[in-house]
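Trainee: this one's sequence-less:
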Ligand code: CA
């Protein structure tokens, strides 16, 4: 049977019912109307596109039986409150990044990304074939929320700085927007770390509330205009594979018929993968124009002294934070073990291939 041939499926049900099999139900035609809240504004490509793609696919594949309305942050006004809104049932779903609520629940943090952690292919392998999905559901269980990978940015750039960073002392006292575990590392290195909603990043930098910030990569950053104020653009270390999350109210999910559940899960997985490739294309496109269109941008890599201090702080923080949560400890250990194994293969395959092709 063709996957998308829902019209003929309905006709078959009708004919069977007319033939006298009254036990066949028409409940399948019930329309479910859902709402999803996003951390992102209405034009923030590719994050918001992922959500629309998911909702469009669900509508098509269910022949209109599951319709999901997308509310961007300008509508619900609470970009970082989306987990609570799904928990509370005001929204059926959300799309965000789980490191945004590390202050409330640090156990969900590693499912976005970890500094010096896995690359996107390694991390997807961990999610789907290395136990990651099971650990993620375990972390979200207390919120009565289901979580699914929601799109990956790939390796992110280390951020925009007003001045060049040459020594550890240059970092001290800088006001920087950098979320997740990396934010904790930067705080340990003496920065004043804060998180700012995506829609307020440029203004905060312009007004001096921030001296530096990291956002994503050239595909998303250049459009924001950060380079006009902070021209030093550092390569990444802190978010090697940032995975966004779809969050679903568990009770509402269980109320869906099995076929709609399968459609929703499939649409989330496909739209997540689509975001990864869309963002890759956007970044490749922007990067190819940097030298000609934005000659004032200075591409830099953090000096070894700083990278070493970041790695040391990362290890100390992992040990410190893991003490209070067996689940966080289990998750980080699972990631590190998988990374060790997968990295051997990444080096043998991608790294050596690229290295040989640079000659
Ligand atoms: Ca980022």
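Mentor: Yep, that arrived. Keep in mind that this is a model prediction, so the values were computed, not measured. Residues are numbered from 1 along each chain as shown.

Trainee: enumerate every residue touching the closest residue in space to residue 296 that isn't next to it in sequence.
Mentor: Among residues not flanking residue 296 along the chain, residue 231 sits closest, at 5.3 Å (Cβ to Cβ, 6 or more residues apart in numbering). No exception for glycine: its C-beta is placed from N, CA and C like everyone else's. Under the criterion of Cβ atoms under 8 Å, 6 or more residues apart in numbering, the contact list for residue 231 reads 160, 162, 296, 297, 298.

Trainee: among these, name the buried ones.
Mentor: Neighbour-count burial (16 or more other Cβ atoms under 10 Å) applied to the contacts of residue 231 gives 160, 297.

Trainee: what residues does the stretch 101-250 of the chain put near the ion?
Mentor: Within the stretch 101-250 of the chain, the residues that sit near the ion (Cβ under 5 Å from the ion) are 156, 214, 239.

Trainee: now residue 114: which helix or strand?
Mentor: Assignment of secondary structure by DSSP states H and E places residue 114 within no helix or strand.

Trainee: do the same with residue 125
Mentor: With elements delineated by DSSP H and E, residue 125 resides in helix 120-129, which encompasses its position.

Trainee: buried sites along that helix?
Mentor: Buried residues in helix 120-129, counting neighbours by 16+ other Cβ under 10 Å, are found at 120, 121, 122, 123, 124, 125, 126, 127.

Trainee: so how far is residue 261 from the residue of the stretch 51-200 of the chain found nearest the ion?
Mentor: The ion sits closest to residue 156 of the stretch 51-200 of the chain, with a gap of 4.9 Å, by Cβ to the ion. Computed with Cβ to Cβ, to the nearest Å, the distance linking residue 156 and residue 261 is 32 Å.

Trainee: neighbour-wise, which of these two wins?
Mentor: Taking other Cβ atoms under 10 Å, residue 156 and residue 261 do not tie; residue 156 has more neighbours (24 against 15).

Trainee: so who does the more buried one touch?
Mentor: Contacts were defined as Cβ under 8 Å, 6+ apart; by that measure residue 156 touches 214, 215, 216, 217, 236, 238, 239, 240, 242.

Trainee: just among those residues, which is most surrounded?
Mentor: For these, neighbours were counted by other Cβ under 10 Å; the highest total belongs to residue 239, with 29 neighbours.

Trainee: tell me the SS of the closest residue to it other than its chain neighbours?
Mentor: What sits nearest to residue 239 in space, not counting adjacent residues and going by Cβ to Cβ, 6+ apart, is residue 156, at 4.0 Å. Secondary structure, DSSP: H, G, I helix; E, B strand; the rest coil: residue 156 is coil.

Trainee: before we move on, back to that, can you tell me which of the residues of the stretch 101-250 of the chain next to the ion is nearest residue 257?
Mentor: Checking these against residue 257 with Cβ to Cβ, the nearest one is residue 239 at 37.6 Å.

Trainee: now do the closest one, the pLDDT please.
Mentor: The score at residue 239 is 98. That number is its pLDDT.

Trainee: I'd assumed residue 153 was in contact with it.
Mentor: Yes: between residue 239 and residue 153 there is a contact under Cβ atoms under 8 Å: 7.2 Å.

Trainee: one step back: nearest to residue 270, of the buried residues of helix 120-129?
Mentor: Of all the buried residues of helix 120-129, residue 124 has the smallest distance to residue 270: 13.1 Å, by Cβ to Cβ.

Trainee: my guess is that closest one meets residue 152, correct?
Mentor: Yes: at 7.2 Å, residue 124 and residue 152 qualify as touching, with contact defined as Cβ under 8 Å.

Trainee: list residues touching both of the two?
Mentor: Looking at what touches both residue 124 and residue 152 (by Cβ under 8 Å, 6+ apart), there is no common residue.

Trainee: pLDDT below threshold where in the stretch 101-250 of the chain?
Mentor: Low-confidence segments of the stretch 101-250 of the chain (pLDDT under 70): none present.

Trainee: ranges for the helices of it?
Mentor: Counting by DSSP state H, counting those that start in this stretch, the stretch 101-250 of the chain has these helices, from start to end: 120-129, 132-141, 168-171, 180-188, 201-206, 218-224, 250-255.

Trainee: tell me which other helices or strands the fourth one touches.
Mentor: Read that as helix 180-188. strand 192-194, helix 304-322 (3 or more Cβ pairs under 8 Å, 6 or more residues apart in numbering; DSSP states H and E).

Trainee: now the shortest one: buried residues?
Mentor: Pointing back at strand 192-194 there. Under the neighbour-count criterion of 16+ other Cβ under 10 Å, strand 192-194 has 193, 194 buried.

Trainee: just to revisit the earlier point, okay, the helices of the stretch 101-250 of the chain, which one's buried deepest?
Mentor: Greatest average neighbour count among the helices of the stretch 101-250 of the chain goes to helix 180-188 (a mean of 22), per mean count of other Cβ atoms under 10 Å.

Trainee: what's the angle from that helix to helix 304-322?
Mentor: Here helix 180-188 runs at an angle of 110 degrees relative to helix 304-322 (axes from the mean of the first three to the mean of the last three Cα atoms, to 10 degrees).

Trainee: need the contact list for the nearest residue to residue 87 once chain neighbours are set aside.
Mentor: If you skip the residues right next to it in sequence, residue 87 has residue 143 as its closest partner in space, 5.1 Å away by Cβ to Cβ, 6+ apart. Listed by Cβ under 8 Å, 6+ apart, the contact partners of residue 143 are 83, 86, 87, 105.
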